[in-house]
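Peer 1: Take a look and give me a structure for this.
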Amino acid sequence: MNHQSTPEITELILKAAEKARRETSSTPEPELVKPLTWPVQCTVGPGLEGAISCETKIGYVNGSKGWLIYRGYDIFDLCAYSTFEEVSYLLLHGNLPTGEQLDRFNKKLISYRSLPKTLRKMISFPLEEMSTMAALRIGTMMMRQAQTFLDKEAARPDPVDATDTDADSIPMETKPLGEKRAIYEFKNNRKKRPKQVTADIISAQELESAYHLISGMGTLVGAISRLRVGKMPTEPDPELSHAGNLLYMMTGKRPTPVEERIMDVSLILHADHGMNASTFASMVVASTLSDVYFSVGAGIAALNGPLHGGANEQVLYQLESIGNPENVKQWYANARENKTKIMGFGHRVYKAYDPRARVLGPLAEYLGQHNRNAKRLCKVAKTLEKEVVSSLGQSKGIFPNVDFFSGLVYSAMGIPAPLYTPMFAASRVSGWTARIMEYLKNNRIFRPRAIYTGDFDRPYVPVEKRKK
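Peer 2: Next comes the predicted model:
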């Protein structure tokens, strides 16, 4: 992708970066950016809030200052100068690629973007009757079958190689509180290739599977977009970037350079975001030494939940319901009085302005210059933002989050709202796979405890004597 053809987009991002840096300090949280000595002490809330589960070099979120860092790089710089392909490589490998490395990586993505076996199977499903996220999870599992040998009869494990159930968690149940490293570690966990399988399929445990998922997820989203409205999938174009192909395969139209660039920025912004629910779900499954496809499937399942994914779709419906900028003040007053949830504001982590929203907000306005409906919705959004921030920004740390503007961006490019969350997954798969691969290098199965608050010593009563 040639950024020189879209200098106005780069300029908008750099202006957002300059504003963010003026409003935040440059000091990280000292207790959260240094190596740990296990076991650690921390304050844990319900849902494991505040718990420390691992160390990582992949990403850092500072919610109090509005920072998002990938492998040491500020998100604004990556959006201004990099591409989703480069960022995916960075997350997986730890460094930005050289020209030669990027060329090899791009060739891998191009080769994996075509999924004829998977798409033939998907065509047989009634996708028009399914949610888009259900379709995406099915497609991911079909990719697994087409790409790996794990489901072949010849790959069934030998019972002699079985290990004790949950053996790796035993140190967590004993005193002292766990061990520095897991006692029961399985160094040779990679499945051996059966002699009967062909050389073009893999075990789903190596880095190659991460490449396959990153590339193939975009193809699946494009196919779902087409199949659910009765159209055949569009073949990927090897001349287009990953972002360009995602738009092309969803809409059937070649994107403009501006559309391709803005989609690329959106993919970068969504690629990773700390130990969120879908990332944690992926890592929990991977920690059992399941494979990458099943682990990513768990991430998709978690993202499907309305508390994690889908908020940008609801923001769009909310803005449409407000209608026009002049309606905002009364709508907001009614919402506050009725304690109605205002979609797109506040964040579990951020108590400052979400850096992703800082980038997407100007891009939504830019797209609105050439789209009447998008322009109207952007005006509604900016008016609502002023109302919310003036009343809740300083006092409660409530500002727009990424979902407040991402739906506006996608809508302006003609993408249907039900595709917003699958597009999120098509980006976040880079972060999911990177964190899975990192964690497996020093794997320990996740095994938190629960506090039992039930009864003891209850006598068994035969069914005929039980009372209602």
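Peer 1: Give me the contacts around stretch 342-356.
Peer 2: The contact list for stretch 342-356 (Cβ atoms under 8 Å, 6 or more residues apart in numbering) reads 20, 23-24, 61, 63-68, 75-76, 269-270, 274, 311-312, 314-315, 318, 332, 335, 384, 388, 392, 396-406. Every residue, glycine included, has its C-beta placed from N, CA and C.
Peer 1: redo that, cut-off 6 Å
Peer 2: By Cβ atoms under 6 Å, 6 or more residues apart in numbering, the surrounding residues in contact with stretch 342-356 are 20, 61, 63-66, 68, 75, 269, 311, 314-315, 318, 335, 388, 397-404.
Peer 1: Low-confidence ranges, the stretch 1-150 of the chain, go.
Peer 2: The stretch 1-150 of the chain contains residues with pLDDT under 70 at 25-26, 28, 30, 149-150.
Peer 1: rewinding a little: taking the contacts of stretch 342-356 one by one, which sit in strands?
Peer 2: 61, 68 (DSSP state E).
Peer 1: Tell me the buried residues within the contacts of stretch 342-356.
Peer 2: For the contacts of stretch 342-356, a neighbour count by 16 or more other Cβ atoms under 10 Å gives the buried set as 20, 61, 63, 65-66, 68, 75, 269, 311, 314-315, 318, 335, 388, 398-404.
Peer 1: okay, now the domains of the chain?
Peer 2: Following automatic domain parsing, the chain resolves into domains at 3-311+414-440, 312-412.
Peer 1: Tell me the span between the first and last residue of the longest one.
Peer 2: What that stands for is domain 3-311+414-440. 36 Å (Cα to Cα, to the nearest Å).
Peer 1: try stretch 406-422
Peer 2: Stretch 406-422 has an end-to-end distance of 13 Å (criterion: Cα to Cα).
Peer 1: Now tell me what touches it from outside.
Peer 2: Residues from elsewhere that reach stretch 406-422 (Cβ under 6 Å, 6+ apart): 132-133, 136, 221, 225, 251, 259, 309-310, 312-313, 315-316, 360, 363-364, 367, 371, 374, 377.
Peer 1: In ChimeraX, select just the buried ones from these.
Peer 2: This is how ChimeraX selects the buried members of the contacts of stretch 406-422, with burial counted by 16+ other Cβ under 10 Å:
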select :132,133,136,221,225,251,259,309,310,312,313,315,316,360,363,364,367,374,377
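Peer 1: Please narrow the contacts of stretch 406-422 to those residing in helices.
Peer 2: 132-133, 136, 221, 225, 251, 259, 312-313, 315-316, 360, 363-364, 367, 374, 377 (DSSP state H).
Peer 1: Chain neighbours aside, what residue packs nearest to residue 376?
Peer 2: Counting by Cβ to Cβ, 6 or more residues apart in numbering, residue 376 lies nearest to residue 324, which is 6.9 Å off, once chain neighbours are set aside.
Peer 1: With distance to residue 450 as added columns, please give the domains of the chain in a markdown table.
Peer 2: Converted to a markdown table, the domains of the chain look like this (distance: least, Cβ to Cβ, whole Å):
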| stretch | distance to residue 450 |
| --- | --- |
| domain 3-311+414-440 | 11 |
| domain 312-412 | 22 |
